[in-house]
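Undergrad: Quick one: sequence and predicted model below, then my questions.
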There are 2 protein chains.
Amino acid sequence: MLLLIPLLRVASPEAKAEEGMWLYNRPPRTLLKERYGFEPSPAWLEHLQKSSVNVGGASGEFVSADGLLLSNQHVASRTLQRMSTPEHNYVRDGFYARTLAEEKPCPGLELKVLMEIEDVTERVNAAVQPGMTDEAAFQARRAVMATLEQDSPERPGLRSQVVTLYQGAEYHLYRFKRYTDVRLVFAPEEQIAFFGGDADNFEYPRFDLDITFLRAYENGRPARVEHFLKWSAAGAAENELVFVSGHPARTERLRTLAELKHLRDVEYPRSLGKLKRTEVLLAAYAKRSGENERRARADLRGIQNGRKRRDGTLAGLLDPAVMARKEAEEQRLRSAAAADPALSAARDAWDRIARAQEEIARHSQIFDLLESGSGFNTTLFTHARRLVRAAAERQKPDSERLEEFRTSSLPSIELSLASAQPSYNDLETLKLADSLTYLVEQLGLQDPVCMKVLAGKSPLARATECVSGTKLGSAAVRSQLFAGGEAALTQADPMLELARSVDAEARAARTPVEVQREAIRQAHAQIGKVRYALYGPTQYPDASGTLRLSLGTVEGYRENDVKVPCLTPFAGLYERAASQEFRPPFDLPRNWIKNRTKLRLSTPLNFVSTADTIGGNSGSPVVNRQGELVGVLFDGNIHSLVMDVQYSDDLARSVSVHSSGILEALRKVYQADSLVKELLRRSQ
Amino acid sequence: MLLLIPLLRVASPEAKAEEGMWLYNRPPRTLLKERYGFEPSPAWLEHLQKSSVNVGGASGEFVSADGLLLSNQHVASRTLQRMSTPEHNYVRDGFYARTLAEEKPCPGLELKVLMEIEDVTERVNAAVQPGMTDEAAFQARRAVMATLEQDSPERPGLRSQVVTLYQGAEYHLYRFKRYTDVRLVFAPEEQIAFFGGDADNFEYPRFDLDITFLRAYENGRPARVEHFLKWSAAGAAENELVFVSGHPARTERLRTLAELKHLRDVEYPRSLGKLKRTEVLLAAYAKRSGENERRARADLRGIQNGRKRRDGTLAGLLDPAVMARKEAEEQRLRSAAAADPALSAARDAWDRIARAQEEIARHSQIFDLLESGSGFNTTLFTHARRLVRAAAERQKPDSERLEEFRTSSLPSIELSLASAQPSYNDLETLKLADSLTYLVEQLGLQDPVCMKVLAGKSPLARATECVSGTKLGSAAVRSQLFAGGEAALTQADPMLELARSVDAEARAARTPVEVQREAIRQAHAQIGKVRYALYGPTQYPDASGTLRLSLGTVEGYRENDVKVPCLTPFAGLYERAASQEFRPPFDLPRNWIKNRTKLRLSTPLNFVSTADTIGGNSGSPVVNRQGELVGVLFDGNIHSLVMDVQYSDDLARSVSVHSSGILEALRKVYQADSLVKELLRRSQ
């Protein structure tokens, strides 16, 4: 059930035409109508919403009635790596199931489709009484959110989650349909999915076939889905209006200056330091052999992507022009609050946020090391932490649990523990030893936590002991321990002991951060009222991983006086490879060299649009006015990286694979005829 | 003139047999005689000393009467890069001059041969009066050292330098012969010089032909040298006693616990953070094209080497066993000082060092950023800083100048400025923008230095402006500015202005650090007396870039129950490449594939010995009892990395190219007949 609010009073003076990651229950109707003459019907919106899929946090879309799903190869690459062995490397070599029987289970992958949205702001806020301390408010809000999420008998098969929007000005209840039996249908070789590698990542022109087809199953059979996108064989055309429907992970556009400065001065430098440190560690490990390369591949790719993205955002935060715009906007809001007695409660909101931010900053190092787990960088520790906490939290009522252990979230926790995934002791030891070294660097060897963690050993010796001694690499053992609760956890396991030994300190670091975040949410709720008074409901909330609708135009741009075209043809792929002498990461898979002459080289492979997207939008469908799929989004260009904090359409573009290019490759390079047939099936 | 002190009373109980980076004027005579039955004559020692060459800070050796010099390809790789263009890539493709006429000038490379050593400890200490403040002592010592270094008319053509030994317990005056016309004779392809790349760096077994031949010229003709090493065609044999003569750069073995903790807790984490950050920056840049790769190659290789080395040393410092041995030794020295009234002046030496270290720590961040230049990572800034300072310092008397601008050092400064080297604006902008970002992260945007440096712009905008606006990329411009002094520097150049704008702050950070280092030197002089009283003169000073003699045995080791042999044959090279499917960095140059069948595959290519060496020893000759060259050192294994702080011979080994392997490769792979003939010429 979509709740549509059919108005758009005035655009904020700062808002650009195609800016916005809109909520499905607040689509930009007026903007679409006035600027593009387009009036999407409720059915149009519902169809796109329910065709859109959350794929393990990123995006995807149904493209057939039989649960066939399109996303990016890079969205699935961690799953592909889990499925791989030294004998079958699906990341490097790709995969194609010519029949249903050949489709391969994807362990641990979860799909979620947003079916219903309900605004519960008033019910959440009613639980938080004026005059409560921040801590009491935090607990009250946690309790009411847990109650709201309890399974509703009228909604069989749906899972509920309360999401926080506008930094805490609104709360909506989302109900999802969930699929946990997911199978791999098709993946191209990573060489072509990620042609140009880290070098061309976030760059344009681009030539990547970054796609994967998966299929949702129910009861052992392909899931029948009511909503799926019709494939446009023609695909995106220059100057066309397009829509992107996906899960942008996180933007910081509504944050106050104090919060942005904290990001700029503390969070980004710290996270970049860790990313670069781990990138060097994994790159050096990967270079030692082909098998090492295979083992570290997905981690390394994710880290390089995160590093390039954050470097770009930090450069934006260090641009005085960006901060000046932010400051002017904040001044405008503050003046409005000062001028209007009805907004007096908001007057000190910015200062309250600044104070809360300072308090968070005091705990952020230890929070990052112990609670976020930067000091214990191995999946084995993540498993151990989950087991230790699940056992403790499940003994509490839902309303008092840590958020991720509420009844509504336990199935995801259980799935992640029960999913088989290869674990390599050499790599896990290396990562743990390095992160223990980081822990020591940050806190000092004499810190009581470090002394306890290292137990008189060097980081390497301690990591070796914990990794080689643990049984948590086995999914069966983890499932058994999860089922057994506290009693099962008494058995000796060095990784479980490590997790237990820092649990109290980690929780102690979490509490003040959560309380201060509550204070920030309350202050933002006040600022939200100022913004509403000024601009009306023309504001979209910051991205937070929830489903959003963006719109944009397919158009190129001029950079350093060079015109960058909006579409790139297959011919450009071969030209770029040749100009780089086919040296990695510009080498081509054998299939692509062999079948070159068959291809119509003018077919578009990639294209750009001005749609407002960000990390997490990867795999999003790009659709035209008819709601047909014209592409699948996989990246933004380098100029888009600042969009974490501020939208821009001068040079910033999102980058997608073209729907006609996908068909051309599937037909001529992969002879994937059954797949093409399913995509183009008229009556499903 | 060698001063030989023929005694070795008692070995320190901690000293291992083959430990020691000995001074040529304090060779380990007794040890050699008692353990190996070997008594080197003064002539033997003088010959090895004067055949040894300082090659831009690293090591090398004369191998013919015509000034032919052998070192490592990696020692010369920065020079090779300077000589390269997009058309001629000497790093990648190597080089061979079949005739003298074809030998190519190496811009900016300086060779130094240590001709005389004189102990001037008493004269230096006489200048420092008891009761002087640390600052007065620092100035007095600086003045007397400048006086001692003044050119001596009795030593025409030699340059003098006072070197600090035993952390300040002794001062020796070194006189060098200097060569600045150096030409390239032979370099192999980097693929074989650095086979296995960063992956195999510091690993063993190893298969690298890491050699370069250069030639010293005088007056436009090959330099006639009296001392050069005879080539051993047989080369190093298992269990043979060998000697290594080179320039180990820096060890920290005599440092106190407080100093080591500072290294462990502050210096190493900081320098590793910077190295990893820059490694990621350059690796990402290099991957974008073959030309980028060429431009960044030498920087990247140096950074990766430094990162791997420091990671290893830090792991050693974090090993409680290493620190426990250090602590026990320090306790022994402190007890000796407490027990002997004659050593009473030493009793608080450790505490004085700890206090001085704390004071240095307070300034170390700003020192690192502004004075060491971490905040301005571009060669163009280095040039600018040198020009600005040279102009200022040359107006002062020698005794008051910064050390590196004393008359004795000016020729090296002038050479570095006047040497042509390619400068690429894209790469220099990238490096400067990243280091300005680092500066801001460290000090904060509101810091007055940052405000001045950025001038209201983003780091990228400011870097672009400075790099694109400067004329300092031209050697001719630099020479002209150097010659012109202060008057010439008044012209507008953004890089000069940048250097000038932070000069006062950089100098202000340097002074307290230098003064506290003086306090540390004085305290170490006292600790040196305690050590002397306990062990006699059996102690070698910490490495500090001065010429040293090490000894060792050619022998393998057992690691994880696997025997690692001391010699690796050519056959192993081909096996390793095949086992890695010839993927980079395990690919082989065409020459090596084509000529494989000609090679005697049992010929040794590399070998290990227990000789006590460290970074800076690269290129050192390895000689046998007859003083013949049996190899050229190029690396240590991973276990040797802890030797910065503590010697070990359990698993630690230095790694060299075998002299017979060099001949085999020169003959069969490179058909370098004239070069082989010169190496084997009997009467030169």
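TA: Great, that's in hand. Residues are numbered from 1 along each chain as shown, chains lettered A, B, ... in the order given.

Undergrad: Look at the nearest residue to A:L281 once chain neighbours are set aside and say how many residues are nearby.
TA: Excluding the flanking residues, the one nearest A:L281 by C-beta to C-beta, 6 or more residues apart in numbering or on different chains is A:D434, at 5.2 Å. For glycine as for every other residue, the C-beta is placed from the backbone atoms N, C-alpha and C. Other residues lying near A:D434 total 23 when counted by other C-beta atoms under 10 Å in any protein chain shown.

Undergrad: what do you get for A:D311?
TA: Neighbours of A:D311 using other C-beta under 10 Å come to 22.

Undergrad: pretty sure it is touching A:L272, no?
TA: Yes: A:D311 lies in contact with A:L272 (C-beta atoms under 8 Å); the separation is 6.6 Å.

Undergrad: Close to chain B: what parts of the stretch 101-250 of chain A are there?
TA: A:197-200 (C-beta under 8 Å from any C-beta of the partner chain).

Undergrad: Now list the buried members of the residues you listed.
TA: A:197-200 (16 or more other C-beta atoms under 10 Å in any protein chain shown).

Undergrad: possible to save these as JSON lines with secondary structure?
TA: Listed next are those as JSON lines, based on DSSP: H, G, I helix; E, B strand; the rest coil:
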{"residue": "A:G197", "secondary structure": "helix"}
{"residue": "A:D198", "secondary structure": "helix"}
{"residue": "A:A199", "secondary structure": "helix"}
{"residue": "A:D200", "secondary structure": "helix"}
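
Undergrad: Check those and tell me the two furthest apart.
TA: The most widely separated members of those, counting by C-beta to C-beta, are A:D198 and A:D200 (7.9 Å).

Undergrad: most centrally placed residue in chain A?
TA: Centroid-nearest residue in chain A: A:G616, 3.5 Å away (criterion: C-alpha atoms, centre = their mean).

Undergrad: Is it correct that that residue falls within a helix?
TA: No: using three-state DSSP, the assignment for A:G616 is coil, not a helix.

Undergrad: Quickly find the element holding the nearest residue to it once chain neighbours are set aside.
TA: Spatial nearest neighbour of A:G616, excluding adjacent residues (C-beta to C-beta, 6+ apart): A:A249 at 3.1 Å. Following DSSP states H and E, there is no helix or strand that holds A:A249.

Undergrad: Distance check, whichever residue of the stretch 51-200 of chain A sits closest to chain B against B:A169.
TA: Across the stretch 51-200 of chain A, the shortest distance to chain B (C-beta to the nearest C-beta) belongs to A:A199, at 4.1 Å. A:A199 sits 52 Å away from B:A169, going by C-beta to C-beta, to the nearest Å.

Undergrad: Over to A:E170?
TA: 72 Å.

Undergrad: which of these two has more neighbours?
TA: Neighbours per residue, other C-beta under 10 Å: of A:E170 and B:A169, the larger number sits with B:A169, 23 against 20.

Undergrad: If you average the pLDDT over stretch A:49-56, what comes out?
TA: Looking at stretch A:49-56 alone, the average pLDDT works out to 98.

Undergrad: actually stretch A:338-353, sorry about that
TA: The average pLDDT for stretch A:338-353 rounds to 96.

Undergrad: Quick check: what element follows the helix or strand containing A:A216 along the chain?
TA: Using DSSP H and E, A:A216 sits in strand A:212-218. Using DSSP H and E, the helix or strand that follows strand A:212-218 towards the C-terminus is strand A:221-222.

Undergrad: hmm, who's touching the next helix or strand after that following strand?
TA: As assigned by DSSP H and E, the chain's next helix or strand after strand A:221-222 is strand A:241-246. With C-beta atoms under 8 Å, 6 or more residues apart in numbering or on different chains as the contact definition, strand A:241-246 has outside contacts at A:36, A:38, A:48-49, A:51-52, A:58-59, A:61, A:236, A:547-554, A:609, A:611, A:613, A:616-625, A:630-631, A:633, A:654.

Undergrad: For ChimeraX, write the select line for the buried members of those.
TA: Here is the ChimeraX selection string for the buried members of those, based on 16+ other C-beta under 10 Å:
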select /A:48,49,51,52,58,59,61,236,547,548,549,550,551,552,553,554,609,611,613,616,617,618,619,620,621,622,623,624,630,631,633,654
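
Undergrad: Looking at the contacts of strand A:241-246, which are in helices?
TA: Mapping those onto helices (DSSP state H) picks out A:36, A:48-49, A:51.

Undergrad: from these, which is closest to chain B?
TA: Using C-beta to the nearest C-beta as the measure, the one of these that approaches chain B most closely is A:Y36, at 34.7 Å.

Undergrad: Quick check: closest non-adjacent residue to that closest one.
TA: A:L241 is the one closest to A:Y36 (C-beta to C-beta, 6+ apart), at 5.2 Å.

Undergrad: is that neighbour in a bridge, and if so with what?
TA: Beta-bridge partners recorded for A:L241 (DSSP bridges): A:T553.

Undergrad: number of nearby residues for it?
TA: 18.

Undergrad: Quick one: the strands in the stretch 51-200 of chain A, in order.
TA: A:52-55, A:58-62, A:68-71, A:95-96, A:104-105, A:111-119, A:158-165, A:170-179, A:181-187 (DSSP state E, counting those that start in this stretch).

Undergrad: neighbouring contacts of the third one?
TA: Around strand A:68-71, the neighbours that count as contacts under C-beta under 8 Å, 6+ apart are A:53, A:55, A:58-63, A:111, A:182, A:185, A:211-216, A:222, A:228, A:618-619, A:621, A:629, A:632, A:678-679.

Undergrad: partners of that strand, with directions?
TA: Here, using DSSP bridges, strand A:68-71 pairs with strand A:58-62 (antiparallel), strand A:212-218 (antiparallel).

Undergrad: just how off-centre is stretch A:427-435 within its chain?
TA: 25 Å (C-alpha atoms, centre = their mean, to the nearest Å).

Undergrad: Show me what the biggest helix by length in chain A is packed against.
TA: Ranked by number of residues, the top helix in chain A under DSSP H is helix A:503-535. Contacts defined by 3 or more C-beta pairs under 8 Å, 6 or more residues apart in numbering or on different chains; DSSP states H and E place helix A:503-535 against helix A:134-149, helix A:320-339, helix A:349-366, helix A:379-393.

Undergrad: repeat that for 6 Å
TA: Contact here means 3 or more C-beta pairs under 6 Å, 6 or more residues apart in numbering or on different chains; DSSP states H and E; on that basis helix A:503-535 packs against helix A:134-149, helix A:320-339, helix A:349-366.

Undergrad: residue contacts, the residue in the stretch 451-600 of chain A that chain B sits nearest to?
TA: For the stretch 451-600 of chain A, the residue closest to chain B is A:S458, as judged by C-beta to the nearest C-beta, at 4.4 Å. By C-beta atoms under 6 Å, 6 or more residues apart in numbering or on different chains, the residues touching A:S458 are B:318-319.
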